[in-house]
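In: no sequence on this one, just coordinates:
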C-alpha cells in the first residue's frame, strides 16, 4: 500500500467539510506531476489531508475509495480525479514547522515540493508523521 498527501485550503474545502460529505472526488488538479501521482493511487491507499495556506498542518487521514478517472469538471481528457473517503482526524495535527524541524523528514515532498497539491509520502515519512501526531 502506498501513502500520499493531498492539500486543500480550509476555506475552500476543509477536513470538517470532507467528514460531513463522507466522500469526495479530488478535483481541480492542474499540475502534471500531481496528476501523475493521482493516476498512481490505488484503492485503499492511505492519504494525509493537509490544510494549506491557513493552518498549514496535516489534520487527518483519508483513503482512496476509487482510482483515477476523468475529471467531471472539465472536458479536457488530460485531467483526472480520485475519490477519497475520510478515515479519521489525527490525535494531534502535525504542522509544517514540525515537519521542517524533523531531520527525518528533510526529504519529504511537503518540504521539497511545497506547492505540489498531491504528493507521495514514503512509508518511513508516514511513520514519522504518525509518531509526531501521537498515533504511535
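Out: Done, it's in. Everything quoted here is computed from the prediction, not taken from an experiment. Numbers count the residues shown, from 1 in each chain.
In: spell out the residue ranges of the strands in the chain.
Out: Using DSSP state E, the strands of the chain run over 3-8, 24-25, 46-51, 57-70, 80-95, 118-121.
In: residue 135: which of those is closest?
Out: Between residue 135 and the strands of the chain, the tightest spacing by CB to CB is seen for strand 80-95, at 5.9 Å. No exception for glycine: its C-beta is placed from N, CA and C like everyone else's.
In: mind listing what the closest one pairs with, with the direction of each?
Out: Counting by DSSP bridges, the strands paired with strand 80-95 are strand 24-25 (antiparallel), strand 57-70 (antiparallel).
In: from these, which stretch is densest packed?
Out: strand 57-70 (a mean of 19; mean count of other CB atoms under 10 Å).
In: what residues does stretch 26-46 touch?
Out: Contacts of stretch 26-46 with the rest of the structure, by CB atoms under 8 Å, 6 or more residues apart in numbering, involve 1-4, 6, 47, 61-68, 71-73, 78-84, 87, 113, 116-120, 126.
In: apply 7 Å and report the result again.
Out: 1-4, 6, 61, 63-64, 66-68, 71, 73, 79-82, 84, 116-120 (CB atoms under 7 Å, 6 or more residues apart in numbering).
In: where's it relative to the chain centroid, distance-wise?
Out: Counting by CA atoms, centre = their mean, to the nearest Å, stretch 26-46 is centred 9 Å from the centre of its parent chain.
In: quick one: average pLDDT of that stretch?
Out: Across stretch 26-46, the average pLDDT comes to 97.
In: numbering from 34 from now on, please.
Out: Fine by me, first position is 34 from now on; the one you just mentioned is stretch 59-79.
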